Each structure stands twice: as C-alpha cells, then as structure tokens.
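Colleague: coords below, sequence missing:
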C-alpha cells in the first residue's frame, strides 16, 4: 500500500487501495509499452511507484494478472477514448474517422513505440490464450463500434449503402495498424504521412457520391 506520512506526532496512516491499484496499472502499462510484457520486471514497476511487493500481490495475484488488467482497463480505455467516444457527438462518421486518423501523433518517439494494443497482440497472442482472448475482445469492440457508426451513416444517407460496415471497419483497423507497424519499423514519420493520406482517401471513398446537377 502507498502510505502517506502525517505530521510528526501522529501515528495515523491513510490507506487508499484504489489509488495504489491505479498507480501500479499506469506504471506497469508504461513499462510494458516501452519494453514489452516479457521484458518488464515487477521490480522495475515497484521502483517506479514506491509500492511494496506485498501491496502489488494484494491487487494482482501474478504478473500475468497485472498484464490482463493492463489490456482490460488501460488499453481498452485508451482505445475507447480515441476511437469510439468521438462518435457520441453524432457527427458525420466519415468526418469523425478522418479526424481521428489525422489526429494521431506524428512525433517520431511515438511512432517508434507503436500501438500498445498491436504490440501486445504480436508479443503475447501465441504465448498465452488468456492474453489472446482479452486482446481479441478489445479489437472486437473497436470493430463493432466503428461498424455501428458506419451503419448510422448509412441510415442517415452519408455512407454508401452498398458497403458492408463490419468488413469496412475491419479493413480500416488493418490499414491503420499496418501503417503504424510500418512506420515503427522504418522509424520514419514520412511512412505514417503516406499512411494517413491513403487511409483518408479510402475513407472519403465511403461517402455517398454527390448527385450531379442536371
């Protein structure tokens, strides 16, 4: 547990288990994002937080349990904030998706780090079935949320009706993650700029064509 010292003469200690848990999760996420799950040591996380090993095991019974929580509580929430919550505005889904893609950071240090969801999927999906299922659930939520937005656009007349929304959502995710991976490997911002241009061009093609004046 994190312990906050009180003024001298007071022996009372304040315990905040929820804050400690969040602190551990955020520190673990940062280390896993930087070094990968297998290479991240618990001692590194403890050193970054000042939390005892006993407190860590109070909240997470194993390193893998901590990893599962990173996927379910940190990475899933990051994905919702970036890709799904913008749809709540009710705006045109194509405009919303273009805005999301164009807002992705172009900083080289971010591109070098890659996508935390994709990083873990590549590292852990073949090594641990529980990891794979949790990661698949996040990808599924991403796909279904995007498909629902495209379906709304179809009903509102802004997205082509001949489009299979789920297939389009899956293709968008594949394109996005593919270009992120290529930019990470190349360590070149230009690769991501090309990716943005191609993804946006494809998204524009999903619009209902404007009727030509007679």
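Modeller: That came in fine, so what should we check first? These numbers come from a predicted model, not from an experiment.
Colleague: what's the longest helix along the chain packed up against?
Modeller: Identified as the longest helix of the chain according to DSSP state H is helix 129-156. Applying 3 or more Cβ pairs under 8 Å, 6 or more residues apart in numbering; DSSP states H and E, one finds that helix 129-156 contacts helix 63-69, helix 76-79, helix 93-102, helix 116-124, helix 165-186. (Each C-beta comes from the backbone N, C-alpha and C, glycine too.)
Colleague: What is the second one packed up against?
Modeller: Packed against helix 76-79 by the contact rule (3+ Cβ pairs under 8 Å, 6+ apart) you find helix 129-156.
Colleague: List the buried residues in the helix it packs on.
Modeller: 131, 134-135, 138-139, 142-143, 145-154 (16 or more other Cβ atoms under 10 Å).
Colleague: same deal with stretch 64-81?
Modeller: For stretch 64-81, the neighbour count (16+ other Cβ under 10 Å) marks 66-71, 74-76, 79 as buried.
Colleague: same question, stretch 103-123
Modeller: 104, 110-111, 114-121, 123.
Colleague: Show me how the protein divides into domains.
Modeller: 13-61, 66-204 (automatic domain parsing).
Colleague: Out of these, which gets nearest to residue 210?
Modeller: domain 66-204 (10.9 Å; Cβ to Cβ).
Colleague: For the closest one, what is the spacing between the initial and final residues?
Modeller: When the termini of domain 66-204 are compared using Cα to Cα, to the nearest Å, they are 40 Å apart.
Colleague: Model confidence at the residue lying closest to residue 53 once chain neighbours are set aside, what's the number?
Modeller: Nearest residue to residue 53 in three dimensions, chain neighbours excluded: residue 46, at 6.1 Å (Cβ to Cβ, 6 or more residues apart in numbering). The confidence metric pLDDT takes the value 95 at residue 46.
Colleague: which residues touch residue 46?
Modeller: When contacts are counted by Cβ atoms under 8 Å, 6 or more residues apart in numbering, residue 46 is found next to 52-53, 56.
Colleague: For residue 171, state which of these is nearest.
Modeller: residue 56 (40.5 Å).
Colleague: Secondary structure class of the closest one, three-state.
Modeller: Following DSSP: H, G, I helix; E, B strand; the rest coil, residue 56 is assigned to helix.
Colleague: isn't it right next to residue 42, touching?
Modeller: Yes - the pair residue 56 / residue 42 is scored as a contact, 6.6 Å apart, by Cβ atoms under 8 Å.
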